[in-house]
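Asks: Predicted structure and sequence below. I'll ask about it afterward.
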Amino acid sequence: MKKLMFLFAAALMMAACSNEEIATNDDVQYVSELKLNFGGGDTRVVATPSAAGLKFAWAEGDEIEVYQNRENYSFKGIYQYDATAGSFTLSSGNAMTVGTEYFAVMKPSNKLTVENVGTANVQVKLELDRYVSLKKLPLISDVFTADASGTIATMHHLVGMVEIPVKLNSSATITEITSFSIYGGTNIGGEFIATPIGPNYYKEVSSGDHTAYITDGPYTLNTSTATSVFIPVLPGTYDAALNYRYTKDDNSSVSSQVSLGNITVERGKITKVDETTVNPN
């Protein structure tokens, strides 16, 4: 089994023309699919823009790992995104062979593995747990054939995002929250399986967890303006609750919970819930 790390870095697509300028953007929004281009020319988003009207492209230095043969995988090489060329070029390993089928996954985390399962198609496993952060979401490509004139493939997100606007209750005495997580009462996080064959890139949960985590804290909150917290979650419908952890003046760590109600999460999309108030004391 070859362990992989995955990284997703988003950049704002500033214009719709072929030579658009790409600028880094700190706003966190995600779309379902991003196109790969190995032959030069613009590598661009193929999904509908998010609710905020933003489109995203690959960022300089983003890396993918390419595998050959979806039925009996073989690692080929690491390709790195060149923003100037608008394409992915080989940085280590072996180049693809024209006419041969491949698939790609994001690089780099020891939480993402590629393996064979009997004579079935290759399966990609991801453990979605407290080590997954906002910019480390898993992607897998469809199966594509290397082409001498320029190989193109599409990468797909495997999980969804829940956006929770959070602010402090007027009676709160503590302003800093160490971490947030979502409790779903069922397999909202944990280990799941995907294959490089669509349309169901997310296949099944193999080892579930009732909680999905985010580690991009600490968060400093206030009583007037909500701060959005983004948590990656497996696709599904959940009766969910927001867990939040904070440290009191005596250095004791406290965990509390507030209901989010019923939420439905789709692969590659953002589910935004109603504004939530927390009361750390």
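Replies: Okay, I see it.

Asks: Surely residue 36 and residue 152 touch.
Replies: Yes: using C-beta atoms under 8 Å, residue 36 is in contact with residue 152, at 6.6 Å. Bear in mind the C-beta positions are built from the backbone N, C-alpha and C, glycine included.

Asks: which one of the two has more residues nearby?
Replies: The neighbour count for residue 36 versus residue 152, taken as other C-beta atoms under 10 Å, is higher for residue 36 (22 against 17).

Asks: Check what pLDDT the more buried one gets.
Replies: If you check residue 36, the pLDDT there is 87.

Asks: show me the contacts for residue 201.
Replies: Contact partners of residue 201, counting by C-beta atoms under 8 Å, 6 or more residues apart in numbering, are 140, 156, 158, 194-195, 267.

Asks: In the stretch 1-150 of the chain, where is pLDDT below threshold?
Replies: Scanning the stretch 1-150 of the chain with the threshold set as pLDDT under 70 gives 1-32, 40-57, 70-72, 107-112, 116-122, 126-136.

Asks: again, only this time at 50
Replies: When residues are selected by pLDDT under 50, those of the stretch 1-150 of the chain lie in 1-29, 46-55, 118, 131.

Asks: just to revisit the earlier point, looking at the contacts of residue 201, which two lie furthest apart in space?
Replies: Between all members of those, the longest pairwise span (C-beta to C-beta) is found for 195 and 267 and amounts to 13.5 Å.

Asks: what sits opposite the residue lying closest to residue 278 once chain neighbours are set aside in the beta ladder?
Replies: Using C-beta to C-beta, 6 or more residues apart in numbering and skipping residues adjacent in sequence, the residue nearest residue 278 is residue 244, 5.4 Å away. Following DSSP bridges, residue 244 is listed with bridge partners residue 180, residue 256.
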